[in-house]
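>>> with the sequence up front, the predicted model follows.
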Amino acid sequence: MTVTPAYCQMMARYNAWQNGQVRAACEKLTEAELRADRGAFFGSVMATLNHILWGDFLWMSRLDGGEGPSVPAKEHIDICPTFAVWSQERLRMDQRIGQWADRVSEDTLSGDLHWHAVMLDREMSKPLADCVVGLFNHQTHHRGQIHAMLTSLDRDPGATDLVLMPEGSSWH
C-alpha cells in the first residue's frame, strides 16, 4: 500500500475537524450523560473518548518518538479524569498529529515501524504505512461509536463524510 504525506495531512485535518465536532456535541452533555453505560464497547461516551486519545498517544509515541500514554493499557479509559482535561489533551494531540503529518516524508512512509508491544510482550515490525492507516482508522471507528451514542441522546455530532470537510480545515 502506498501512503503519502498528503494522505497523512488530509487525515490529520479530518481527525481535527471530527474531534472538534465531537467536542462541541459533548460539551452539551451532563456529567451523568458522559459517564452512563450506553452499551458501546467501552461503555460510555467518556470512556470511548479516552480510549481514542490513549491509542493516539501510543501510536504517536511510536511514530514521532514523543510522549506515550500517561497510564497503562488497563487504565486507558481513565486517561483523562474530566471532559475539560480530555478537551485540552485532545487539542494538543490533534496538533501533534498535524505537526507529524506536516513533517513526514515519503521515504519514512515507505519503511517499516519497529516497536515493543508491552501487552503482547514481544517485538513487532509492520510497514509504517499500514500503521498510519491503522491510526486514522482506529479514530474513525471509535468516533462512529460516539456518533451513535450522541445521536441516541438527541445531540447532533455533525457531518462525518470526508468529502464534506470544509475547505481550509486545519489541525491548527
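Right, received. Where do you want to start? Numbers count the residues shown, from 1 in each chain.
>>> C-alpha only now, for contacts and for neighbours.
Will do.
>>> might one say that H114 is in contact with S125?
Yes: look at H114 against S125 with C-alpha atoms under 8 Å: they come within range, at 4.4 Å.
>>> burial of I146, as a residue count?
23 (other C-alpha atoms under 10 Å).
>>> separation between it and E67?
26 Å (C-alpha to C-alpha, to the nearest Å).
>>> which other residues reach whichever strand or helix holds M10?
Using DSSP states H and E, the element containing M10 is helix 5-26. Here helix 5-26 makes contact (C-alpha atoms under 8 Å, 6 or more residues apart in numbering) with 34, 87, 90-91, 94, 97-98, 101-102, 104-106, 109, 132, 136, 139-140, 143, 146-147, 150, 155-158, 160, 162, 165, 169-171.
>>> from memory H147 sits against P157, does it?
Yes: counting by C-alpha under 8 Å, H147 touches P157, with 6.1 Å between them.
>>> where in the chain is pLDDT low?
Counting by pLDDT under 70, the chain shows low-confidence ranges at 169-172.
>>> wait, what's in contact with D37?
Counting by C-alpha under 8 Å, 6+ apart, D37 touches G43, S44, V45.
>>> still on that earlier bit, which elements pack onto whichever helix or strand comes after the helix holding M10?
Beyond helix 5-26 in the direction of the C-terminus, DSSP H and E gives the next helix or strand as helix 31-35. With contacts taken as 3 or more C-alpha pairs under 8 Å, 6 or more residues apart in numbering; DSSP states H and E, helix 31-35 sits against helix 45-64.
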